[in-house]
Structures are given as structure tokens and as C-alpha cells.
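K.L.:
3D model of this:
(chains A and B)
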Protein chains: 2
Amino acid sequence: MLSIEQIQKLAAPAKSKIVLLVMDGLGGLPDVTTGKTELESARTPNLDRLAAGGMCGLHEPVAPGITPGSGPGHLGLFGYDPLRYLIGRGVLEGMGIDFPLGPDDIAARGNFCTVDSAGIITDRRAGRIATEKSAELCRLLAQIKLDEVQIFVSPVKEHRFLVVFRGKGLSPEIDDTDPERVGVSPKSVRPLTAAAVRTAGIVTSFLEQTRMILAQHRPANMVLLRGFSRVPQLPRLAEVYKLRAAAIATYPMYKGLARLLGMTVFDGGSTIHDSIRTAREQWAEFDFFFIHVKNTDAAGEDGNFSHKVAAIEEVDAALPDLLALKPDVIAVTGDHSTPAVLKAHSWHPVPLAISSMWCRPSGVSKFGETNCAAGNLGIIRGLDIMPLLMAHGLRLTKYGA
Amino acid sequence: MLSIEQIQKLAAPAKSKIVLLVMDGLGGLPDVTTGKTELESARTPNLDRLAAGGMCGLHEPVAPGITPGSGPGHLGLFGYDPLRYLIGRGVLEGMGIDFPLGPDDIAARGNFCTVDSAGIITDRRAGRIATEKSAELCRLLAQIKLDEVQIFVSPVKEHRFLVVFRGKGLSPEIDDTDPERVGVSPKSVRPLTAAAVRTAGIVTSFLEQTRMILAQHRPANMVLLRGFSRVPQLPRLAEVYKLRAAAIATYPMYKGLARLLGMTVFDGGSTIHDSIRTAREQWAEFDFFFIHVKNTDAAGEDGNFSHKVAAIEEVDAALPDLLALKPDVIAVTGDHSTPAVLKAHSWHPVPLAISSMWCRPSGVSKFGETNCAAGNLGIIRGLDIMPLLMAHGLRLTKYGA
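P.N.:
Numbering: from 1, shown residues only, chains lettered A, B, ... in the order given. Predicted structure coming up:
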């Protein structure tokens, strides 16, 4: 495997257009009655033709057996080693609600929780209070004033919220206060390094005021914080690969991640057709188009096999419009698997098809997990996808003499 | 690849039961007349069904082209990188005869050899003297007294023996005295670090007394020592994977290795049926069962193709009893290949089948090297097996947010 710095040395500008179409959570598991996965159950004549004429295989987003979060899954797709580059939970939560995080901000993911009179946690999610209630409580907490730092508190969904500490010289090296179980007190704020002692004091003051403010707000009478983090400094995708990169996505987190990599971000609209229209409008301006489809994952998380099938079929039906733009290279894959039967992200490798005039064709009859497992790309790491796309776009020079 | 420390962070307790059934030296090479390997020649309806409904592939115990010893092969199966964790030859020999090595003991593997009147080695194995003769000589050497250290000398098999130096402040950083060829003198005892100078002096004294004691015992009139080593400190398997781990094995070396990893060790008895009975008796008490079958490897080492076939068929016949325990995840594989035609361990990747309700089924018709090479698991590293078993047991949390 080459590092991103080594790939950058090989990357050369070219005129080719590359499309990376990501169906979030694409990989699945068989339905017990039919023995077919969501993708295998879907009627996908266009994807099948693409996979037959191109290469197909499976990719391991992180490593065999490892279930990736959305952050690591996408970083890998963009060629950033997810074991090397980490995005903290707090930052990801901020990206998910489009919070404009500054380079020095410390972000943490918060849970409203319930504690008893002795301060023991009885419910880590305060009965999953309504988002509206959470928003009201966040407004109360946002009024907390501390010397030297600004505090932002924003609702996310139900009991979840984001807290951001803005000021000079803060450190994210702080342990979670969330003990991840009930029957114990929230953990005290523990600095993990000497540089974080002052920040830990600030967070402690915030939590003391929070406790007083929320005391009468049972069930949500306390908070738990985790994933203290700062926006990581990542090499810009455009500079690594020497191309103009556009991201077309609807969900804030994917937009935020793309922005973090320096991509120009466009709203994906409400359907794949909107996203493809945007790609068409921007076609001349960019060399690389990341198009993100969320509803495959959402259906998988809901355990709704047929909705996931339908989401895949919707993409298939729109594919000819995308191919009409005549990309030099197109990859269709997912950032991880989300089998409907598991109702969650999983570790299973993800179907991948890559089409370009410089491909050896796979000749498979159908784009699906079973054929991809025996496909001519083999089982590769997610990290390997970007170099393959670049190569097929004739954008990578020779390694060594 | 995640390190064992990274896997440990993702591991979470669960109620699932995992079985790792290791047929030592399972992988083979084709018989020249039939074109089928030992496994492919065996009638294995139960293994075939397991592989068809589960995933199958090949694993590389260390790396392509590398023939593993039994230590590295098994360490890899347990998820311990065999390139990072090494068990010295002396320690492995001690484990093989169940010698209770202490944490400070220095163990070395010894050969009785023959030297001529000028001290030149004429036979590195002293004509492979009988084990009984070796035991008699070991009793003589065990009487050697040195200041500050206790000495233990134990026969292993034929010309092989174990010597252990027990005392404070000893170091294993000592070069072999075995030149690995005849026509030269045994090498003098050379310390590899300054910290080993004192230990080298002790070993030199031991060898000087040995020379005098054995002088009249031609052909075994001298010894060669190699693999000076101390028991390595390895992370305990139960702590890494957060499960209760049982090892069921018959041969001392595998028991010793399992003990080194902190597993609870049970005797495997004389057949696979005994081992499975033990698994059944202990089923409620453990989450992970390593079951070791030795006679596949023994038949391979003997070059006895049909005995290896029979050993595989015996396991297949017993498999239903093991499956009747309803493990959530079961893997069947080997620690390395031992093709009967080679009469030795080999570098060939090893057939692997993993079955669980969360598998994508492979649909192969037969569990064997050819089908596994095209299997839906691909060709993975031995190291990847434990994360896969953990994932299928729903015992690994998500990596990253």
C-alpha cells in the first residue's frame, strides 16, 4: 500500500472525469427465504451492465471483521487510511448538524441523561426525550458563561446534542464523562495530558453549572459528554490527487466530511435525479464527482429489506443519466455494509464495480455480493479504490524508473 | 491491519459461543494420480455442508511463501501477529514437554552430538540416539552444579533435550553454539548484549562440565545448544477479546501455548470424540473453544497421504456432535499446511471455513483447497481470522463514529 503522500507524488493532472457513486451501507446479507441480498434482489439492469463491462469485486473498508463508522468508511473511499486519520465523535456530530467548527474549537457529543438524587445514572438517554425538548434545554445550557471561552450548545436529535468550547489554547485530550452504563455516577472530567488540565477545568465548570440548571428538568437532569475532539488537519483531496473535486450530498455529515477534505460541496437535493442534475450542471468545472446516496443505509438501519431494494433500484434507474455524461471512470460502491437483517452497520465487505475503457471486463451476469466475491477485482481494501480510479483515469504516473 | 491493542478497544462482552477447530497441518498438495489433495480426497459431507452454508477461503499463516512453525501458526490464528510476537525455540521445546518454565528461566534446545578427538563435530545428532539413552545422559548432566543458578536438563525425543537455567538476572541474549553443520567445532558461547555476559559465562561453565561428563559416552560425547529464550509476556487472550477461553488439546506444546495466552487448558484425550465431549461438558463455562487435532499433521509429516485423509474423515464424522452444541460461530482450519508429499510443514495457504448465521454463504460444493482458493472469503491472513470470528459473534463494536 502506498501512503497518501506517495500517491500524491505519482498523481498528475489530466482531462479525465471520475465519478465515485456511493450508496451508503450498500452491502447486505441474504434474505432467509430467497437466499439473496438486497442488492441481489434488486432489479438493476444498468448496474449489471456496468459491472459486466467493468471490473467487480468487494472492498474491505477498514479490515476483515471490522465494522466501520461512516467517518472511517468514507475516509477510506477517498484514499485516506482510516487507521491513520481519525475524526473524533464530537467533530463528526458537529459536521452532522452543519455547525461551523473553527480550527481551535473543541467539540463533544452530549447525551441528556437521568440521574437519581445521589447522582447515579438511571437512564443514559433520559428516555430519548423529544428533539424539541432537547432544543429547549440546549438553549438553557447555551446561556452558561465562563471566563476565557465561548460555549455553543446545539440539539442534534432526541437526547443527543453538540457542545463546542471556543477559546485559545484548549486541548481535546479529555476522557469521556460518559461511563457507557447505568448504576454509576458520570465520570469526572479527566485530562489525558498535562496540556489538557486547563480545558478539563473549564469543562468541569460547564458541567457544574449544567447540573444546577437541569436539576429541576427530570428526566433530563444531567448530561454525559464523549468524543472530545478538534477538526483534524487532513491533506486536501484536490492537492493529493491534483484534480478539482466536487461532492454532491444531502446529509450534513457527508457534506462536512467532504468540506474537511477541501472538496466543493453541492446539495444533493431530495433524489438521485437532483444529484445527477447537479453533476451535469457542474460537469465542466470539476474532474472528480463524489455522489452520496443515503437512503440505502437508512433503509438498512431500519431493517427494511424491501425499502433498501427499492432505494437501489432507484439509483439503477437513474444511472443512464449519469453515464450519459460520459465519465472516463465510474465506481459504484458503498462505504460499508448495512444488512437489513442486522439493522446496523456491519463488517461485511462491500460490492464494488469500476468501469472505464481501460478495464478488463468481469463478464459477471449480475452486480451483487456473490458475483463480486468471485469478481476480477478480488477482495481489496477500501483504500485501494482511489488509486484504481486515478489509474483508470490515466492520472497516475509510473512508480520508479 | 489493526493491532491487537486496537482490537482490544473494539472488543465487547457478549453471550455468543465461538469454536475454533484446528486440524494441524490441514493444507496439502495433490496426489499425482488423482490430482486431489488430502482434504479433497477425504469424504467430508459435514465439512462440505459447513463450508457451503458459511464462508470459505484460504489463510496465509505468516505471509506468502513463508513456512510457519507451530508457534507462529497458532499465534496468528489467535490474532497475535507472528512477526511481532516470537516464542523462542528453547521455550517452545519446554512447552512441548510440559516443563513448568518460570518467568525468569532461560531455556535452550539441546542436541546430543558427536565430536572427534579434536573437538570437530562429526554428527550433529549423535546418530539419533534412542530417547532412553538421551534420558540417561540428561540425568548425568542434571547433576552439574553451578553457583547462583539451578540447572534442569530434560530429554525430549531421540537426540533432543531441553536445558533450563534458573536464577536471578539471567539474559537470553546468547547466540547459538550449534554451528548447524559438521566439520567445525561447536561455537563458543557468545553474549549478544552486555547484559548477557554473566549468563554466557554460566553457560560456558555448564558446557565445560558437560564435555568432561560426556567424554566417554561416544557417540553422544558433546552437546549443541540453540534458541536461548525466556517465556514472552503476551497479552492474555481473555483480556484482548473479553471472553472466557478454553483450549482442548492433547499435545503438550499446544497446551503450553494456550496456557501462555492465559487460556484454561483441558486435555483433548485420545480422539476428537474425547475433545468434543470436553467441549460439551465445559460449554456453559466458556465463550471461546480452541480445539486442536494433531494427527492430520502427524500423518502429513510421515508422508502418509491416506492416514491424513483418514484423520480428516474422522474429524468430519465427529463434526455433527460439535455442531449439536450450536456454536454461534465456528471456524475450521489448520495452523499451516503439511502436504504428505513434502513430509513437512509448508508455505501453502490453509483452507478455512467459517460458519455463522451472519455469513454470506459460499455455496461451494466441497471443502478443499481448490474451492477455497475461489471462495468468498478470499485469501486472508491468519491474523484476520479472530477479528472475523469476533465480528460474527457480534463481539466487536464499530470502529470510529
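
K.L.:
Do a quick rundown of the strands in the stretch 251-400 of chain A.
P.N.:
Remark: strands assigned in the stretch 251-400 of chain A by DSSP state E, counting those that start in this stretch are A:264-267, A:288-293, A:329-333, A:350-356, A:378-381.

K.L.:
and the stretch 301-401 of chain A, which of its residues are near chain B?
P.N.:
Selection of the stretch 301-401 of chain A residues close to chain B by Cβ under 8 Å from any Cβ of the partner chain yields A:339, A:342, A:345-348, A:369-370, A:373-374, A:378-379. The C-beta positions use only the backbone N, C-alpha and C, and glycine is treated the same way.

K.L.:
rerun at 10 Å
P.N.:
Applying Cβ under 10 Å from any Cβ of the partner chain, we find that the stretch 301-401 of chain A lies next to chain B at A:336-337, A:339, A:341-342, A:344-349, A:369-370, A:372-374, A:378-381.

K.L.:
And the stretch 101-250 of chain A, by the same measure?
P.N.:
Close to chain B, as judged by Cβ under 10 Å from any Cβ, the stretch 101-250 of chain A has residues A:109, A:180, A:226-227, A:229.

K.L.:
Now, of the residues you listed, which are buried?
P.N.:
Buried residues within those, counting neighbours by 16 or more other Cβ atoms under 10 Å in any protein chain shown: A:109, A:226-227, A:229.

K.L.:
re the thing from before, going by distance to A:Glu314, which of the residues of the stretch 101-250 of chain A next to chain B wins?
P.N.:
Of all these, A:Glu314 sits closest to A:Arg109, with 31.9 Å by Cβ to Cβ.

K.L.:
Just the mean pLDDT for the helix or strand that closest one falls within, thanks.
P.N.:
A:Arg109 is part of strand A:106-115, with elements assigned from DSSP states H and E. Taken as a whole, strand A:106-115 has a mean pLDDT of 96.

K.L.:
starting at the chain centroid, how far to it?
P.N.:
Its chain's average C-alpha position is 21 Å from that of strand A:106-115, according to Cα atoms, centre = their mean, to the nearest Å.

K.L.:
ok, now stretch A:321-338?
P.N.:
Stretch A:321-338 sits 17 Å away from the centroid of its parent chain (Cα atoms, centre = their mean).

K.L.:
ok, and for it, which residues are buried?
P.N.:
Neighbour-count burial for stretch A:321-338 flags A:322-323, A:327-338 (criterion: 16+ other Cβ under 10 Å).

K.L.:
Nearest to chain B: which residue in chain A?
P.N.:
A:Gly65 (3.1 Å; Cβ to the nearest Cβ).

K.L.:
Could you report the neighbour count for that residue?
P.N.:
The local packing of A:Gly65 (other Cβ atoms under 10 Å in any protein chain shown) involves 24 other residues.

K.L.:
next one: A:Gly269
P.N.:
Counted with other Cβ under 10 Å, the neighbours of A:Gly269 add up to 14.

K.L.:
what does the one 4 residues further on give?
P.N.:
Counted with other Cβ under 10 Å, residues neighbouring A:His273 total 14.

K.L.:
again with A:Leu141
P.N.:
21.

K.L.:
What sits closest to it if chain neighbours are left out?
P.N.:
In this structure, A:Leu141 finds its nearest non-sequential neighbour in A:Val153, 4.3 Å apart by Cβ to Cβ, 6 or more residues apart in numbering or on different chains.

K.L.:
what sits against that neighbour?
P.N.:
Listed by Cβ atoms under 10 Å, 6 or more residues apart in numbering or on different chains, the contact set of A:Val153 reads A:110, A:134-135, A:137-144, A:161-164, A:206, A:210, A:223.

K.L.:
Can you say which helix or strand has A:Glu136 in it?
P.N.:
Assigned by DSSP H and E, A:Glu136 falls within helix A:131-141.

K.L.:
Need the pLDDT of A:Met1.
P.N.:
Note on A:Met1: pLDDT of 81.

K.L.:
typo on my end, A:Gly96
P.N.:
For A:Gly96, the model assigns a pLDDT of 86.

K.L.:
what about it, neighbour count?
P.N.:
For A:Gly96, the tally of surrounding residues (other Cβ under 10 Å) stands at 22.

K.L.:
How about it: what's its closest non-neighbour residue?
P.N.:
Nearest one to A:Gly96, counting by Cβ to Cβ, 6+ apart, is A:Met253 at 4.1 Å.

K.L.:
Could you check how far the one you found is from A:Ala245?
P.N.:
Going from A:Met253 to A:Ala245 by Cβ to Cβ, to the nearest Å gives 18 Å.

K.L.:
What of A:Leu323?
P.N.:
20 Å.

K.L.:
With A:Ala238 instead?
P.N.:
Note on A:Ala238: its distance to A:Ala245, by Cβ to Cβ, is 5 Å.

K.L.:
Surely A:Ser275 and A:Ala318 touch.
P.N.:
Yes. Counting by Cβ atoms under 10 Å, A:Ala318 is a contact partner of A:Ser275 at 8.4 Å.

K.L.:
which residues do those two both contact?
P.N.:
A:21, A:293.

K.L.:
the more surrounded of the two?
P.N.:
Neighbour comparison, A:Ser275 and A:Ala318: the larger count goes to A:Ser275, with 25 against 19 (by other Cβ under 10 Å).

K.L.:
quick one, helices of chain A?
P.N.:
Counting by DSSP state H, chain A has helices at residues A:4-10, A:38-41, A:45-53, A:70-77, A:89-96, A:131-141, A:197-214, A:237-241, A:252-260, A:272-282, A:295-301, A:305-323, A:369-373, A:385-392.

K.L.:
Buried residues of the fifth one, list them for me.
P.N.:
Applying a neighbour-count criterion of 16+ other Cβ under 10 Å, one finds A:89-96 buried in helix A:89-96.

K.L.:
Same question for the last one.
P.N.:
For helix A:385-392, a neighbour-count test (16+ other Cβ under 10 Å) marks A:385-390, A:392 as buried.

K.L.:
In strands, which of the residues of the stretch 101-250 of chain A next to chain B fall?
P.N.:
In strands, defined here by DSSP state E, the members of those are A:109, A:226-227, A:229.

K.L.:
can you list the residues you listed in CSV and add distance to A:Gly54?
P.N.:
Output for those, formatted as CSV (distance: Cβ to Cβ, whole Å):
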residue, distance to A:Gly54
A:Arg109, 40
A:Arg226, 42
A:Gly227, 39
A:Ser229, 38
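
K.L.:
Now A:Ser41. Nearest residue, chain neighbours left out?
P.N.:
Excluding its sequence neighbours, the residue lying closest to A:Ser41 (Cβ to Cβ, 6+ apart) is A:Val309, at 5.1 Å.

K.L.:
burial of the one you found, as a residue count?
P.N.:
The burial count for A:Val309: 24, using other Cβ under 10 Å.

K.L.:
List the residues that contact it.
P.N.:
By Cβ under 10 Å, 6+ apart, the contact set of A:Val309 is A:28, A:31, A:36-44, A:296, A:299, A:340.

K.L.:
just A:Glu5 next, same as before
P.N.:
A:235, A:240.

K.L.:
Looking at it now. What's its pLDDT?
P.N.:
95.

K.L.:
do the one 10 residues further on as well
P.N.:
Per-residue confidence at A:Lys15 stands at 96 (pLDDT).

K.L.:
No further questions, thank you.
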